[in-house]
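# 3D model of this:
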Amino acid sequence: MSARLPTHLAVGVLLRRVNDSGGMAVVRASGEAQSGAVLVLLCEGRSLRAVERMRGIDDRDVLVAAGPGDGDSAAVEDYWRLRRRRDPDLWVIELDVPDAERFVAETMLVD
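The predicted structure follows:
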């Protein structure tokens, strides 16, 4: 089993990296500090989409698309709020920075 950085530390690093690059990173909802799931909202112009860090079958972390995929910001907002109600341990992070998915991959995926 691969070692995984505790969620609160991984989120802190992601926030710092995005903010240091001139982007904006906001915690919409804090989850369980050690092992909470992470849903990242990616702002792309006027649209919003979501990706989630998940453990793959090969025991490696991967990013997968989550929620509505049509760029409908209202639908994505509804999606994460429903997920949060069902999973209070879920972290929800919003990023507004060019190439946001790259920041998530570089920060939150373990080799």
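# center of this protein, which residue is that?
Centroid-nearest residue in the chain: Val40, 2.3 Å away (criterion: CA atoms, centre = their mean).
# what helix or strand is it located in?
Assessed by DSSP states H and E, Val40 sits inside strand 38-44.
# ok, then the element right after that strand?
Counting by DSSP H and E, the next helix or strand C-terminal to strand 38-44 is strand 47-55.
# got the angle for that next one vs strand 38-44?
Per axes from the mean of the first three to the mean of the last three CA atoms, to 10 degrees, the angle that strand 47-55 makes with strand 38-44 is 150 degrees.
# the closest residue to Ser21 other than its chain neighbours: how many residues sit nearby?
Distances taken as CB to CB, 6 or more residues apart in numbering place Val97 nearest to Ser21, at 6.0 Å, with adjacent residues excluded. All C-beta atoms are positioned from the backbone trio N, CA, C, and that covers glycine. As a burial measure, Val97 scores 18 neighbours (other CB atoms under 10 Å).
# now swap in Asp61 and tell me
Neighbour count for Asp61, taken as other CB under 10 Å: 17.
# same deal with Ala50?
Around Ala50 there are 21 other residues, counting by other CB under 10 Å.
# how about Asp96?
16.
# residues contacting it?
Contact partners of Asp96, counting by CB atoms under 8 Å, 6 or more residues apart in numbering, are 23-25, 43.
# can I get the CA coordinates of stretch 35-45 in PDB?
Extracted C-alpha coordinates of stretch 35-45, given in PDB (Å, rounded to 0.1, in the frame of the first residue of the first chain):
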ATOM      1  CA  SER A  35      -8.100  10.600   5.300                       C
ATOM      2  CA  GLY A  36     -11.000  12.700   3.900                       C
ATOM      3  CA  ALA A  37     -11.800  12.500   0.200                       C
ATOM      4  CA  VAL A  38     -10.900  15.600  -1.800                       C
ATOM      5  CA  LEU A  39     -13.200  17.100  -4.500                       C
ATOM      6  CA  VAL A  40     -11.600  19.900  -6.400                       C
ATOM      7  CA  LEU A  41     -13.700  22.500  -8.300                       C
ATOM      8  CA  LEU A  42     -11.800  23.900 -11.300                       C
ATOM      9  CA  CYS A  43     -12.900  27.300 -12.500                       C
ATOM     10  CA  GLU A  44     -12.400  27.600 -16.300                       C
ATOM     11  CA  GLY A  45     -13.600  31.000 -17.500                       C
END
